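sequence unavailable; structure follows:
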């Protein structure tokens, strides 16, 4: 489902789960995919569409910048733009 650079957020998450739980990489990947798919099915379409962009390859983008953009978008949904 999610393929790309080895340093993608998705890969980092899978590696963290593998290290912390001792489950295999494939099991961790299945668990993460299940959670991601569940979240995407529960979120409004504009937010659900951002999940793949956030968890896929970072493409050289800074994680802090991505988080700031995501949080700014959330603030806008509630009537306030975060600075």
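Cool, got the structure. Here the structure is a predicted model, which is why all the values come from computation and not from measurement.

the chain: helices as residue ranges?
Using DSSP state H, the helices of the chain run over 9-21, 25-42, 45-55, 63-77.

could you dump the ones you listed to a markdown table with mean neighbour count?
All C-beta spots, glycine's among them, are computed from the backbone N, C-alpha and C. Formatted as a markdown table, the helices of the chain follow (neighbours: other C-beta atoms under 10 Å):
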| stretch | mean neighbour count |
| --- | --- |
| helix 9-21 | 15 |
| helix 25-42 | 14 |
| helix 45-55 | 14 |
| helix 63-77 | 12 |
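
now the ones you listed as TSV including mean pLDDT?
Output for the helices of the chain, formatted as TSV (pLDDT from 0 to 100):
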stretch	mean pLDDT
helix 9-21	93
helix 25-42	93
helix 45-55	84
helix 63-77	56
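
tell me the phi and psi of residue 22?
Torsion angles at residue 22 (phi, psi; degrees, to the nearest 10) stand at phi 80, psi 0.

residue 33 versus the nearest residue to residue 51 once chain neighbours are set aside, what's the distance?
Computed as C-beta to C-beta, 6 or more residues apart in numbering, the closest residue to residue 51 that is not its neighbour in sequence is residue 40, at 5.4 Å. Distance, residue 40 to residue 33, using C-beta to C-beta, to the nearest Å: 10 Å.
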